[in-house]
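S.K.: The following block contains a protein sequence and its predicted model.
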There are 2 protein chains.
Amino acid sequence: MKRIAVLGSTGSVGTQILQVAERHPERLQISALAAGRNLSLLIEQAKQFRPTRVSVARAADVERLQSALAGTGIRVLSGPEGLAELAAVDVDLVAGALVGSLGLEPVLAALRAGREVALANKEVLVMAGPLVLREARRSGGAILPLDSEHVAIHQALAGHPREALARVLLTASGGPFRTATAAEMARATPEQALAHPNWEMGPKITIDSATLMNKGLEAIEARWLFDLEPDRIGAVIHPESIIHSLVEFVDGSWLAQLGIPDMRIPIAYALGMPDRLPLPELKPLDLVEIGALHFEAPDAERFPAFRLALEANRIGGTAPAVLNAANEVAVQAFLDRRISFPGIPEAVEAVLASADFGPGVDLDEIREADRLGREAALRVIEDSACS
Amino acid sequence: MKRIAVLGSTGSVGTQILQVAERHPERLQISALAAGRNLSLLIEQAKQFRPTRVSVARAADVERLQSALAGTGIRVLSGPEGLAELAAVDVDLVAGALVGSLGLEPVLAALRAGREVALANKEVLVMAGPLVLREARRSGGAILPLDSEHVAIHQALAGHPREALARVLLTASGGPFRTATAAEMARATPEQALAHPNWEMGPKITIDSATLMNKGLEAIEARWLFDLEPDRIGAVIHPESIIHSLVEFVDGSWLAQLGIPDMRIPIAYALGMPDRLPLPELKPLDLVEIGALHFEAPDAERFPAFRLALEANRIGGTAPAVLNAANEVAVQAFLDRRISFPGIPEAVEAVLASADFGPGVDLDEIREADRLGREAALRVIEDSACS
């Protein structure tokens, strides 16, 4: 029995983690749940899975939770301290499915406690890759992938000597604007950008998919997850989202992982490792029915965000943290209709161009880089709105 | 340094094995060469690679070889006895690249001597899977794949628990008649059937690719190489020949091996195992340039050979040996313009329908099944020519 703490249980990935756990009660036990403000769903989950602890964002919500869970013996925690305590409880796996920079400190707490952490919350490695890896190494904790691309790479690399790897190629659906003109993208509304062709995901990551920033953040994540030089990580547009990523070996041989685009497949892999958890309820992949898998080069003109992320990955240090902070602010400004869709990478580029970067191995330094990135992005957005 | 004996060194696979060995003299040493009647090429190969032994088909050729190799110290053998002696010499790997049933006894000899055998000569496992596996088990020998589909499966399975495997899917290019009508196929000439769209191979295997019998033989081979129930082995038409086969796991996740269609890639994998041998001289795979990978179901009407092979695989025992024997005779009759292209599977089907099958665990029994299969096929072809 694998005991699991789910950080971000009411989000898109979190609810799918619980679906997989529900399907495999003989293998997976949910020991702790942390969520933000969706109290009614968290209460429902806690009643179903009976964890030892739950944690919510606001101290003000503790009382409502305690009364809803009265008699269950479930401890209710709150705030960043609650999240950190919950992340460090005695479980076999911590599933990091929070969104944005919020996930960084609980993941560090879990690693310091020597836990295995399966990470969907890519900002953690994007902001603080060197720091996270150092903590994992010090404490005997480990970072496993949880999203589809990195789980694909993990599967493809299993059983092959590391020195045989030439490079990895992340696949990207291309998002809703893959075939759009630059003029159409300039007029794009949040509703259009949120209409992802293949994957059901939260709004932030869906916008990141539309700009291709998501693929750039995944390239940064891949660097730390698989200890890869930045130049060995590429991306290819694959509109069908059937191949979830590929690895190339030094002999010209490639391995690709395929599956229908359903997050429960990579989640089951990460939660079940080293065993595979059957998912007979999913529609099987039928290549004949699909007929063709297509591949295109990412268009650097219309999707500059990918290039910006690769640049930040090459610079290293706090550059990815600044990129990530600026991007979070810019995505929110786009969702608030304060900037255009192309305004997102423009704001990120302007912030990167004017920022100074540190080595990024210290939490305070990373927090400061994150703060400065946000402030700079707000200024850039303010200026562009006034001009 | 890995010492290698190459059985069938002047054929299509054999010459490519030597190309890979030439590229990696620091890792691969050619210790023995066996060929049929192409003496001039065998002499050239022996002068270049300086094996300890060479073997030729006919005793009558020994003298010419000895005089050509005078002063080199290379021993010259001949006939089935020479082949068997050479297969059992003290090397690290025997590469079985003979064509047809000729390869069976030397492979058994190599296994009895406890060798690892990398097998391109698929008839060996098709005719005598249970016997070959028994010999390997008894003596500590091992069978490794050497052709592209089985090397693909081997790579995809590496590092994954065996109980996670759901099934394997062999890819087939579809051959030169993939889009031909039944009427066009009825008129097809040997020249048309020999024009394979993607792979450079010998004539027998190229005709087998055109009928899809090759994929059926590979399904039988996969049964023994990977210890798979026959119903867990399928095939899909993939005209680009970029994905060389796929495996599906119980969680709906698949792994596929990809590469340009060049036999040196699977050869280098089999020869180099567990290390990868770089092949920088090959054109890299560029998915964007290829643009799309297509998939179709095999057409059972126009390509009955695949179904016949699957039936023989299910029946087991000597049925695959009879199928293989009938097919070899029918392919030769087609190349000799004595029967039509659809006449190949017709002859095989007629032979299978009238044959009795034994358990297939004894070499004499297998030889007898092979002989009866050939005789029956000749009769069927004779009858159809007279009618």
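M.R.: Sure, I can see it. These numbers were taken from a predicted model, which means no experiment stands behind them.

S.K.: Tell me how many other residues crowd residue A:136.
M.R.: Using other Cβ atoms under 10 Å in any protein chain shown, the number of residues around residue A:136 comes to 22. Bear in mind the C-beta positions are built from the backbone N, C-alpha and C, glycine included.

S.K.: so what are the domain limits for chain A?
M.R.: Dividing chain A into domains by automatic domain parsing, as the record does, gives the ranges A:2-146, A:150-261+A:298-386.

S.K.: Same list, those, but as a markdown table with distance to chain B and mean pLDDT please.
M.R.: Shown next, in a markdown table, are these (distance: least, Cβ to the nearest Cβ, whole Å; pLDDT from 0 to 100):
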| stretch | distance to chain B | mean pLDDT |
| --- | --- | --- |
| domain A:2-146 | 10 | 95 |
| domain A:150-261+A:298-386 | 2 | 95 |
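
S.K.: what's next to the helix or strand harbouring residue A:166, contact-wise?
M.R.: Under the criterion of DSSP states H and E, residue A:166 resides in strand A:165-172. For strand A:165-172, the external contacting residues (Cβ atoms under 8 Å, 6 or more residues apart in numbering or on different chains) are A:149, A:152-153, A:157, A:209, A:212, A:214-215, A:218-219, A:222, A:226, A:228, A:232-238, A:241, A:243-250, A:298, B:287.

S.K.: what comes up buried for that strand?
M.R.: Residues of strand A:165-172 classed as buried: A:165-172 (neighbour count, 16 or more other Cβ atoms under 10 Å in any protein chain shown).

S.K.: shouldn't residue A:91 be in contact with residue A:31?
M.R.: Yes - using Cβ atoms under 8 Å, residue A:91 is in contact with residue A:31, at 4.8 Å.

S.K.: Which residues are in contact with each of those two?
M.R.: What both residue A:91 and residue A:31 touch, as defined by Cβ under 8 Å, 6+ apart, is the set A:3-5.

S.K.: what about residue A:5, is that helix, strand or coil?
M.R.: strand (DSSP: H, G, I helix; E, B strand; the rest coil).

S.K.: and it, what does it touch?
M.R.: A:31-34, A:51, A:86-87, A:89, A:91, A:93-95, A:110.

S.K.: need the contact list for residue A:219.
M.R.: A:170, A:230, A:233-235, A:306, A:309-310, A:313.

S.K.: try residue A:369
M.R.: By Cβ under 8 Å, 6+ apart, the neighbours of residue A:369 are A:127, A:318, A:321-322, A:325, A:357-358, A:360.

S.K.: and if you look at residue A:224?
M.R.: A:125, A:129-130, A:132-133, A:143.

S.K.: Neighbour-wise, give me the winner out of these.
M.R.: Counting neighbours by other Cβ under 10 Å, residue A:125 leads the contacts of residue A:224 with 29 neighbours.

S.K.: isn't that one right next to residue A:136, touching?
M.R.: No - Residue A:125 lies out of contact with residue A:136 (Cβ under 8 Å); the separation is 10.7 Å.

S.K.: Now do the shared contacts for these two.
M.R.: residue A:143.

S.K.: returning to what we had before: in ChimeraX, how would I select the buried members of the contacts of residue A:369?
M.R.: Here is the ChimeraX command that selects the buried residues among these (16+ other Cβ under 10 Å):
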select /A:127,318,321,322,325,357,360
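
S.K.: Take the contacts of residue A:369 and keep only those in strands.
M.R.: Residues of the contacts of residue A:369 located in strands (DSSP state E): none.

S.K.: Format the contacts of residue A:369 as a markdown table; extra columns: distance to residue B:189.
M.R.: Output for the contacts of residue A:369, formatted as a markdown table (distance: Cβ to Cβ, whole Å):
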| residue | distance to residue B:189 |
| --- | --- |
| A:127 | 66 |
| A:318 | 69 |
| A:321 | 67 |
| A:322 | 68 |
| A:325 | 68 |
| A:357 | 68 |
| A:358 | 73 |
| A:360 | 68 |
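
S.K.: Taking the contacts of residue A:369 together, which two end up most distant?
M.R.: Greatest spacing in the contacts of residue A:369, by Cβ to Cβ: A:325 and A:358 (13.7 Å).

S.K.: Setting aside sequence neighbours, what's the nearest residue to residue A:77?
M.R.: residue A:55 (4.0 Å; Cβ to Cβ, 6 or more residues apart in numbering or on different chains).

S.K.: Secondary structure of that neighbour: a strand, I assume?
M.R.: Yes - checked against three-state DSSP, residue A:55 lies within a strand.

S.K.: what about it, neighbour count?
M.R.: If you count neighbours by other Cβ under 10 Å, residue A:55 ends up with 30.

S.K.: Am I right that it is in contact with residue A:76?
M.R.: Yes - using Cβ under 8 Å, residue A:55 is in contact with residue A:76, at 7.5 Å.

S.K.: separation between the residue nearest to residue A:77 and residue A:119?
M.R.: 18 Å (Cβ to Cβ, to the nearest Å).

S.K.: Could you do residue A:304 as well?
M.R.: On the measure of Cβ to Cβ, residue A:304 and residue A:119 end up 26 Å apart.

S.K.: Between these two, tell me which one has more neighbours.
M.R.: Ranked by neighbour count (other Cβ under 10 Å), residue A:304 and residue A:119 place residue A:119 first, with 28 against 20.

S.K.: Ramachandran coordinates for residue A:233?
M.R.: phi -120, psi 120 (degrees, to the nearest 10).

S.K.: quick one: it from residue A:369, how far?
M.R.: From residue A:233 over to residue A:369 the distance is 22 Å, taken as Cβ to Cβ.

S.K.: Just the ones of the contacts of strand A:165-172 in strands?
M.R.: Filtering the contacts of strand A:165-172 for strands - DSSP E - leaves A:233-237, A:243-249.

S.K.: looking at these, which has the most residues close by?
M.R.: Within these, most neighbours by other Cβ under 10 Å means residue A:245, with 28 neighbours.

S.K.: Isn't that one up against residue A:154?
M.R.: No - with contacts counted by Cβ under 8 Å, residue A:245 stays clear of residue A:154, the gap being 9.4 Å.
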